[in-house]
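1. Structure for the following, please:
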Amino acid sequence: MAIGLDNPQFSDALVILGAAGLVIPAFARFKISPVIGFILVGLLVGPAGLGSQVDRWPWLYYLTISNPHSIEPFAEFGIVLLLFSIGLELSFRRLWAMRRLVFGIGPVELLGSALIIGAALHFMGQSWPGAIGLGLALALSSTALVLPLVGTVSAVGRGAFAMLLFEDLALVPIIFALGALAPSAAADGFGNIGMVALRGGLTVVAIYIGGRLVLPRLFAQAARTKSPELFLAASLLVVIVASVATTAAGLSPIVGALLAGLLIAETEYHTEVEVITAPFKGLALGVFLISVGMSLDLRLIVRNWSDLLLAVAGVVAVKTAVTYLFLRIANARRGVAAETGLLMGSPSETTLIVLATAAQAQLIQASTAAFWQTVTAIGLTITPVLAKVGSAISRRIEGNDDTSATAPDDGKHTVIIGFGRVGRMVAELLDVHAQPYLAVEADIDVVKAARASGKSVMYGDVIRAELVDRLNLPAARALVLTMDDPVLTVRLARRVRALAPELPIIARARDAAHAAELYRAGATDAVPETLESSLQLSEAVLVDLGVAMGPVIASIHEKRDELRQTIRQEAKLSREPRIRRLPRQSEIGTASQI
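-> Now for the predicted structure:
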């Protein structure tokens, strides 16, 4: 059956795809976040923009979105895919390590911001139930915008992700609590929260157990077919099933999406899944941003610009101050706390859901909900700007301008990423042999201490793409990756290899599997730090137990060869990877005598 241009779904799809094709390359050309571009497109093609002129000029129908509500399911799916991709970057071990941030800073930041905003609105004339609803709604921050801007592995990203994760988990209890505050609410309103928590907990456990049993087999079968389409279908199936399950249990679908990503991250297929779903996530997230732009009405903004400006500034100021205060109490650096606070300052896409719930529960009037929806849309629009301002303020607070510095371009330096225990050792040996280097470290205290001792170290967080660009890596002699973050190491190796195909990349690996992954990402050499120490420890144990030195050395060499072959096969290398023990000084002396 032929599809005509008069079909509204077909026409809207053309507008969205055309916007993606224009916005992404145009804004990338000027190094501006495409977030702003998509929101501006939504403002332009929405009912308050060119869509309001369709009756006068019918040809505008083909350049506007006729039914804004028709794209809402795709916008929600974009957020689901975003949380799924975040789960792919994490692991249960890393999530468990963040539990103090999630359930420590998360609740106090949310409740602290909600209390201050709600109290201010109450003293301005809002009833207490309505003030509570508005405070909780505006205290939420945007997962969809913040995490793509800063990721989850930097100091700022870890703090922001922990608070955003708690907010996502708290969304359903907030909605139930507002329903319980409604004038017509039943007495057992809060009892429903307990039932949802119980059902949700059982559902999460069931997804975890089922995923650990089913997912490796499912993706192994998809991999055997060597069909990208089947791999994509399996990935989307997992996301949808997990999201539907948590929704049926009364939780948010994004909780299921995050859990699905975490489960796949524990398998060897997570990189392929991440790559194959990335285009869908980006496009669906663009649809969400277009829907945010369509919710803006320029005429309403012009009429109420002073009230809207005051409201946006007030919300951002309160949330920034509260986040900064509690992060500082948790011993975060001042620069990190300030940047994270500004990033968390804007309201969230979930704010719109809570506002609608508060209006439906008759806690606030419809006109009040519409005003704060406009505030939310404006806040989402300025989030990338707040990110830039926060980054600049962070550098100023840290008293360090080296994030804007570039590496020397003489082609004689080695770049070391990370100046911890391993990075310092590498730098010391480079100094011994008079080899120039530049080290990059994200901990300002480490940087200051290193500089005080005359080391060539600059402050910077390599999670930021602009910093990697300024390092001038194509002109370097070598790149040494010493970070203790396996995910970030692999990503950085892959990105740098694309920038500098001939650059030697020597990376610190956690174990054999991580080393193989680094080789696949483009590392020249990946050195598993745990393997040699384990082999030397085994050698010492066997010798102390009385086993003859000859058989011990033979078995150690045999085990080393076995590990070398394992890495070579997993990484599909055409050469032997470097896993070896440097000879002791006594062995060197013996060899020279021979």
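2. Please make it C-alpha for all contacts and neighbour counts, starting now.
-> Noted.
3. residues making contact with the host helix or strand of V375?
-> Element membership for V375, per DSSP states H and E: helix 366-381. With CA atoms under 8 Å, 6 or more residues apart in numbering as the contact definition, helix 366-381 has outside contacts at 35-36, 39, 138, 142, 145, 292-293, 295-297, 301, 308, 311-312, 346-349, 351-352, 355-356, 359.
4. Dump the C-alpha coordinates for it into PDB.
-> Written as PDB, here are the backbone C-alpha positions of helix 366-381 (Å, rounded to 0.1, in the frame of the first residue of the first chain):
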ATOM      1  CA  ALA A 366      -3.700  23.800  35.500                       C
ATOM      2  CA  SER A 367      -2.400  27.300  34.900                       C
ATOM      3  CA  THR A 368       0.300  26.800  37.600                       C
ATOM      4  CA  ALA A 369       1.300  23.500  36.000                       C
ATOM      5  CA  ALA A 370       1.600  25.200  32.600                       C
ATOM      6  CA  PHE A 371       3.800  27.900  34.000                       C
ATOM      7  CA  TRP A 372       6.200  25.500  35.600                       C
ATOM      8  CA  GLN A 373       6.200  23.300  32.500                       C
ATOM      9  CA  THR A 374       7.500  26.300  30.500                       C
ATOM     10  CA  VAL A 375      10.100  26.800  33.200                       C
ATOM     11  CA  THR A 376      11.100  23.200  32.900                       C
ATOM     12  CA  ALA A 377      11.400  23.400  29.100                       C
ATOM     13  CA  ILE A 378      13.600  26.500  29.400                       C
ATOM     14  CA  GLY A 379      15.700  24.800  32.000                       C
ATOM     15  CA  LEU A 380      16.300  21.800  29.700                       C
ATOM     16  CA  THR A 381      17.200  24.200  26.900                       C
END
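5. Mind checking the pLDDT average for it?
-> Helix 366-381 carries an average pLDDT of 86.
6. cool, stretch 201-212 as well?
-> On average, the pLDDT along stretch 201-212 is 87.
7. contact partners of it?
-> 242, 245-246, 249, 256, 259-260, 263.
8. which two in the residues you listed are spaced the farthest apart?
-> A249 and L263 (19.0 Å; CA to CA).
9. ok, which stretches of the stretch 51-200 of the chain are helices?
-> All helices of the stretch 51-200 of the chain, identified by DSSP state H, counting those that start in this stretch, fall at 72-89, 92-97, 99-100, 106-123, 128-139, 143-150, 155-181, 189-225.
10. so of those, which one's packed in deepest?
-> Most buried of the helices of the stretch 51-200 of the chain, by mean neighbour count (mean count of other CA atoms under 10 Å): helix 128-139, with a mean of 25.
11. tell me the mean pLDDT for it?
-> On average, helix 128-139 scores 91.
12. So which other helices or strands are in contact with it?
-> helix 106-123, helix 155-181, helix 349-360 (3 or more CA pairs under 8 Å, 6 or more residues apart in numbering; DSSP states H and E).
13. For the stretch 251-400 of the chain, give me the ranges with low pLDDT.
-> 398-400 (pLDDT under 70).
14. all helices in it, in order from the N-terminus.
-> 253-265, 270-294, 298-303, 305-329, 334-343, 349-360, 366-381, 383-397.
15. Can you say which of those helices is nearest to L537?
-> Across the helices of the stretch 251-400 of the chain, closest to L537 is helix 253-265 (CA to CA), at 30.9 Å.
16. tell me the angle that closest one makes with helix 72-89.
-> 40 degrees (axes from the mean of the first three to the mean of the last three CA atoms, to 10 degrees).
17. before we move on, back to that, including distance to L531 and neighbour count, could the contacts of stretch 201-212 go into JSON lines?
-> Rendered in JSON lines, the data for the contacts of stretch 201-212 read as follows (distance: CA to CA, whole Å; neighbours: other CA atoms under 10 Å):
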{"residue": "A242", "distance to L531": "37", "neighbour count": "26"}
{"residue": "A245", "distance to L531": "41", "neighbour count": "21"}
{"residue": "T246", "distance to L531": "41", "neighbour count": "24"}
{"residue": "A249", "distance to L531": "45", "neighbour count": "20"}
{"residue": "G256", "distance to L531": "36", "neighbour count": "27"}
{"residue": "L259", "distance to L531": "31", "neighbour count": "26"}
{"residue": "A260", "distance to L531": "31", "neighbour count": "27"}
{"residue": "L263", "distance to L531": "27", "neighbour count": "25"}
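18. of those, closest to V102?
-> Closest to V102, out of all of these and judged by CA to CA, is L259, at 15.3 Å.
19. Could you find the closest non-adjacent residue to that closest one?
-> Counting by CA to CA, 6 or more residues apart in numbering, L259 lies nearest to G87, which is 6.6 Å off, once chain neighbours are set aside.
20. which residues touch that neighbour?
-> 257-263, 265.
21. Now do E339 against D168, distance only.
-> E339 is 21 Å from D168, where distance means CA to CA, to the nearest Å.
22. do R299 as well
-> Going from R299 to D168 by CA to CA gives 33 Å.
23. Could you report the pLDDT at the residue nearest the centre of the chain?
-> By CA atoms, centre = their mean, the chain has its centre lying nearest to G151, at 3.1 Å. Note for G151: predicted pLDDT of 71.
24. Quick check: it touching I463?
-> Yes: in terms of CA atoms under 8 Å, G151 counts as a neighbour of I463; the distance is 7.4 Å.
25. one step back: can I get the helices of the stretch 51-200 of the chain in a markdown table with distance to S367?
-> Shown next, in a markdown table, are those (distance: least, CA to CA, whole Å):
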| stretch | distance to S367 |
| --- | --- |
| helix 72-89 | 22 |
| helix 92-97 | 41 |
| helix 99-100 | 39 |
| helix 106-123 | 15 |
| helix 128-139 | 13 |
| helix 143-150 | 26 |
| helix 155-181 | 18 |
| helix 189-225 | 26 |
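26. so how far does stretch 131-151 reach from one end to the other?
-> With CA to CA, one end of stretch 131-151 sits 33 Å from the other.
27. Distance from it to the middle of the chain?
-> 15 Å (CA atoms, centre = their mean, to the nearest Å).
28. Then stretch 220-240?
-> Distance of stretch 220-240 from the chain centroid (CA atoms, centre = their mean) equals 23 Å.
29. ditto for stretch 71-87
-> Mean-position distance between stretch 71-87 and its chain equals 14 Å (CA atoms, centre = their mean).
30. in stretch 289-303, what's buried?
-> 289-297, 301 (16 or more other CA atoms under 10 Å).
31. residues making contact with it?
-> Stretch 289-303 has contacts (CA under 8 Å, 6+ apart) with 35, 38-49, 68, 71-72, 75, 308, 374, 377-378, 380-381.
32. Shouldn't V480 be within a helix?
-> No: counting by DSSP: H, G, I helix; E, B strand; the rest coil, V480 falls outside a helix, being strand.
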